[in-house]
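Student: missing the sequence, but the structure's below:
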């Protein structure tokens, strides 16, 4: 990649070697530890300085008003916003009479490292106080992937050459003051100090705080306990008030002696359970954590991660930065989805408050396909969460005058929270995206039980939606008018190809599932006539094609629209939506993010190879990638159409997004879908992995910049390893029954053991493609 | 019409014979007196009971926030709302020790009458106080059409059979408490008690209050003086505090003796003039009013109105209700536009706070054509106001990335105040509507000076807009994509026929004007190349036509959209926008208000007679008339296509709208454009009046329900009278040079004197048309 970033290059970790106060906010996101239930931003142990303090519990959110200058029927009036909950990471340290703070005194060494194999965030700090006392701090932090409610910190202070008195204040701190968001003051007010104190307890080395939310009444509990290993005379006591629980440890250290504290944290929240029940729940979790002990928690974490990497690792030879970035992406997607269990996987995971903590379509479209192939339970849980919100989606469809289910464009708990309907409610493709994730999950796992219970319900409800959204026109064609596709620089278009093809897939998938499970179909009131109507609609689906230009239209009329004036647009006018009105963007040929190109990735059999080449070239010249959801898809189609260097460049762009803070908003949370896109850039892009009607298929091909790629994935109870060199692909079944797959269109039989090697045909010759001026892949521009 | 309404039928007035507290709000709108500068709602003299107190000064408005759940580039953040200013109508009366209030005591007789010839609102009340004292009140109110800043009230109390002591408190009262609006509380707060007291004066029989607005700093002054005619011993004094100025008159009346007070009121406001200058301004106006005296003011008013009726009167034989309603409409349009001079004519005139007091496209499209033919100075003033806002419109176009001028969708003072851009900013046709009003005005008046000064600037700036909004596609066609036409149940469509044809007219009109005034064109930097580009765009304008159905498409793809499920829509689900989301409305074939049909009225030569018939029939079946701006247009096209009874029914619907409060919102102000539509239903509909390229044309035809229509209008310095019977039309030049016009396509020469009679050919046979079930003309349903 050859672009310098803020972090040291290492294949299995991210490390910073100094404190950069200017990019603290972004590094806090990068160093987040999470397990899908609890998220702890990588704030410094002592709390300050900070970019943005953040502790999140998945789906623990407050209501916020959604105001409109001019309202409309069916507009949601109440939104949801993730809440910064009680901060349990805080451990303040007084060295003699001065607080440890890297902004004062002297920092002799500072290092933080996030290790993808241990799952630990480690920090080493050598600090000399303004009065000249030196201490060394070493902390390790984990959020347990095995014990979902538990986090822990191993905190060690060592005296320098002089004796020193230490006061450690380990805290639970609620209603932290946050930097202003610049949002509507009414909304800020609704979210300022959202936690109402309910119960506080403190005794010996432990404390607990229970709070509730003013607006929607949810309750939460945070509790801590400590193992303190100090010299003789070390004293420990705890106290608690409304918004603070504090365990104080005081001791005198002789030179080069240490104080070690293991802090155990437990979190819980509920909309239903009583305060005493919640209190007991977090205390029980604490007890279990202490029983395991720090080393036990670390061993469990390592074991969980070892198993993950066995199914998911991706090796890259030829670009050490990319190697690091790919694993960074895998690790954070794992952290976002691992233990969400019954909750959504938000767009930012639990790494920051961006997008108010909402989940969108990109979880299903970008994140779940990766999880279905690497951590299938997590994908299943995410889809089960969607199923739990089905009643809300059915209600929403009724509000919209539609049948079936209309899942929300953005939400935390299932209610539509979109405040701009042309790019929210109208983006009905989210429903097909959910169905697609179901179909992809069932294909990848072969989990028939999942299909029979969860999958079929989601498929049938969304198929019903499409049947009622679309209609057969006078020529019999099935049209879907006036909806918005993935590209947010167009809206309310007729027959958006992406939407129509995904709806087609949805309708057929639902029909197939219902025919495979007739009993369940009956329970869902799906009869053969309804199934036939789904198949009819799918078969007659309108897919606009511009015969003159030889390309598919993103939507009807699209290719007749005026071209955006790319030559007249300055570099600092991107992203366009901050400098031009929707009126102009929507009317013109300019694409924010892959739309038709994403359709070619997700519905590969709906296009011929030649169409893919022509379409890719056409849309490449008008796609500005003002969204982080685009580069990975462009990488995949660039690879498929033979633009391998371009594919590599797009892959690098996706991979760098958060590590280099390319969008300037990493501080508000990582872009989980883009991180999952790194995986798909490799596996779906260079690996050419597709689910075709003929089965699992690969069409591997390396870009000139890489000498080798290897990846692992799960497929219907198997684990598979694919290794790609410039000339050949090597397939190996690591686990599971033999398998026939496609390699560049040819059947290839994989026995239960032994590598099968297949030649890689040379890439087809291609005409170069071009991007809008100044919107070439970022790595090319930054180099 | 044969539908009973709340008012007595009279050809020249509106009269109520009792106080109906339940419909007080609507009757206050109906009884509004205004002159385009001052508007006094028909509140009772004593202030209470009231529906909605209202006193307005044209364009005196406060800022209000426009909040968004999700903002966007170019969204206006500050709106404007008309303010209820200092109430000068108030005259409270204490009869012995009890306040006159129609809710107490006994109302023996109550009558209010608005006379279209005198311009007076007269009230007669016989009231017995709870203690048994009877008085008779007779008041007359006028808002002077001749002295723009002046209103006056002639107030007479007569004692009954017993002597009585009277205390009269004649007031100026600011910051009246208003009924809650149900709007966003933040917006309510911004508009509550908007007037800040600045200066108060009181002496003898007069008082003045000066206030300013918190938000935008405008200043206003209200002043009053009184002529008091009472028995010996009558005392008068005045006082003033922050928000109240009061002149108190006390006297004892012998039985059947009277106290008469003439109250003179003067109003003024300014964004620039100082408080002393404003104070002097209203005092000078008061002095002029007193100099004229009550009788003088009444004589002037009568004179002004006589002249108006000489140019504008419409006679209807065969339907007394319709006769009344037509004159009611003419009178209120006159009141809205007469003396606006440099200000907008709002959608509600100055009759109520509906639509926040904003002006929209319908002023140009519905109101100005009538004024250009009846009170041309008022139309010219309204267009001059648009020209004063040209710098704002040019700035707005720049914000939108467009050239030329983009006039606001809704505004009071010229700034865009629309908070929902797909039906606001995107409705760019407002610009062509302004250009159309210019062209129509120049055609009707022949006012070359107006064209050379005001007209050409508006035409060129809007032509530039269209040239930059549209583009020539690869076939050379000039497309206008992604804008919204008049029909608010569609949005962001490509090649909306109305918009494209009106833009065509705009481009050609600008080109013609620039060629007629080459010096002015040069001053505006319009060169021959730009003119050629306008003509090219106009010539190549895309006008979508559905060859299969033989009808024009409202916009591209429109006729392929699903039909709205009219059969499944209940009567109480109209207006649809209150019961269905835009998502559904926009995607389907359902029309809120004439759009393609309006294009056929305004661009009559762009369609053949057969196309008009087929288009009318097609759109008739999907038009639900959820807007008050539709029935008049449907009346015109129904008449043209030979559906004369239907045309009559639509005309009646428009005519009844406010008199019968058909939309249930007359209380917030009259629908001025719909009232002007009554005129166009008669003159453009049954009169068949058009401006054709061959000149002024008529194609008169009566519906079976009417036995005779006669109307007067102005045409290029002439006054013309057209009389229509079932078999013949009679044309008479009342004033001005001889004229050749078209009568049903044939040239007809009108000499300077004498009636010219022409036969009316029989109407062509037509297939019946149908409306969506339950959306037949209202009169048909109410009968």
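Tutor: Yep, that arrived. Owing to the predicted nature of the structure, the values given are computational and were not obtained by experimental measurement.

Student: Contact distance from chain B - what residues of the stretch 501-650 of chain A qualify?
Tutor: A:548, A:556-557, A:560-562, A:577-584, A:586-588 (CB under 8 Å from any CB of the partner chain). Quick note: C-beta positions are derived from backbone N, CA and C, even for glycine.

Student: can you do 10 Å?
Tutor: A:542, A:548-549, A:555-563, A:565, A:568-569, A:576-589 (CB under 10 Å from any CB of the partner chain).

Student: Just those residues: which are in strands?
Tutor: Judged by DSSP state E, the subset of those located in strands is A:562, A:563, A:588, A:589.

Student: Buried ones among the residues of the stretch 501-650 of chain A next to chain B?
Tutor: Neighbour counting by 16 or more other CB atoms under 10 Å in any protein chain shown classes A:542, A:555-562, A:569, A:576-577, A:579-589 among these as buried.

Student: nearest spatial neighbour of residue A:283, skipping sequence neighbours?
Tutor: Of all residues not flanking residue A:283 in the chain, residue A:223 sits nearest, at 6.0 Å (CB to CB, 6 or more residues apart in numbering or on different chains).

Student: Name the next helix or strand following the helix or strand hosting the one you found along the chain.
Tutor: Using DSSP states H and E, residue A:223 sits within strand A:219-229. Sequence order places strand A:235-241 as the next helix or strand after strand A:219-229, per DSSP H and E.

Student: just the strands in the stretch 51-200 of chain A please.
Tutor: Listed in chain order, the strands of the stretch 51-200 of chain A (DSSP state E, counting those that start in this stretch) span A:55-57, A:61-65, A:78-82, A:91-95, A:98-99, A:106-115, A:121-128, A:134-143, A:150-159, A:164-173, A:195-203.

Student: sorry, that was for the stretch 451-600 of chain A
Tutor: A:471-472, A:478-479, A:545-546, A:551-552, A:562-563, A:588-589.

Student: How about the residues of the stretch 251-400 of chain A by chain B?
Tutor: Contacts of the stretch 251-400 of chain A with chain B, taken as CB under 10 Å from any CB, map to A:399, A:400.

Student: Identify the residues contacting the residue of the stretch 251-400 of chain A found nearest chain B.
Tutor: At 5.4 Å from chain B, residue A:400 is the closest residue in the stretch 251-400 of chain A, using CB to the nearest CB. Contacts for residue A:400 (CB atoms under 10 Å, 6 or more residues apart in numbering or on different chains) come out as A:73-74, A:406, A:416, A:421, A:425-426, A:428, A:465, A:468-469, B:580-581, B:583-584.

Student: same check, this time on residue A:734
Tutor: With CB under 10 Å, 6+ apart, residue A:734 has these contacts: A:310, A:311, A:712, A:713, A:714, A:718, A:719, A:720, A:721, A:752, A:753.

Student: what about it, is that helix, strand or coil?
Tutor: Secondary structure assignment for residue A:734 (DSSP: H, G, I helix; E, B strand; the rest coil): strand.

Student: From chain B, how far out is residue A:735?
Tutor: Using CB to the nearest CB, to the nearest Å, residue A:735 is found at 47 Å from chain B.

Student: how about the nearest residue to that residue, chain neighbours excluded?
Tutor: Nearest non-adjacent residue to residue A:735, counting by CB to CB, 6+ apart: residue A:719, 4.1 Å away.

Student: Bridged to residue A:114, which residues?
Tutor: Beta-bridge pairing of residue A:114 under DSSP bridges involves residue A:14, residue A:121.

Student: which residues sit in contact with it?
Tutor: By CB under 10 Å, 6+ apart, the contact list for residue A:114 reads A:7, A:12-16, A:27, A:30-33, A:42, A:120-122, A:141, A:328, A:331-332.

Student: repeat that with 7 Å
Tutor: Listed by CB atoms under 7 Å, 6 or more residues apart in numbering or on different chains, the contact partners of residue A:114 are A:13, A:14, A:31, A:121.

Student: Quick check: the farthest pair among those?
Tutor: Maximum pairwise distance among these (CB to CB): 10.9 Å, between A:13 and A:31.

Student: So for these two, which residue has more residues nearby?
Tutor: Set residue A:13 next to residue A:31 and count neighbours by other CB atoms under 10 Å in any protein chain shown: residue A:31 wins out with 23 against 20.

Student: can you give me the strands in the stretch 301-450 of chain A?
Tutor: Under DSSP E, counting those that start in this stretch, the stretch 301-450 of chain A gives strands at A:314-317.

Student: For chain B, what's its nearest residue on it.
Tutor: Here the stretch 301-450 of chain A gets closest to chain B at one residue, residue A:419, 2.3 Å apart by CB to the nearest CB.

Student: Buried ones in the longest helix that chain A contains, by neighbour count?
Tutor: When chain A is parsed with DSSP state H, its longest helix is helix A:275-312. By 16+ other CB under 10 Å, the buried positions in helix A:275-312 come out as A:278-279, A:281-283, A:285-286, A:288-290, A:292, A:294, A:297-298, A:300-302, A:304-305, A:308-309, A:311-312.

Student: do the same with stretch A:373-393
Tutor: Residues A:373-376, A:378-387, A:389-390, A:392-393 are the ones in stretch A:373-393 that count as buried (16+ other CB under 10 Å).

Student: Repeat that for stretch A:79-98.
Tutor: Under the neighbour-count criterion of 16+ other CB under 10 Å, stretch A:79-98 has A:79-96 buried.

Student: Can you measure across it, start residue to end residue?
Tutor: Separation of the first and last residues of stretch A:79-98 by CA to CA, to the nearest Å is 44 Å.

Student: avg pLDDT for it?
Tutor: Averaged over stretch A:79-98, pLDDT sits at 96.

Student: Run the chain-centre distance for that stretch.
Tutor: 24 Å (CA atoms, centre = their mean, to the nearest Å).

Student: Many thanks, have a good one.
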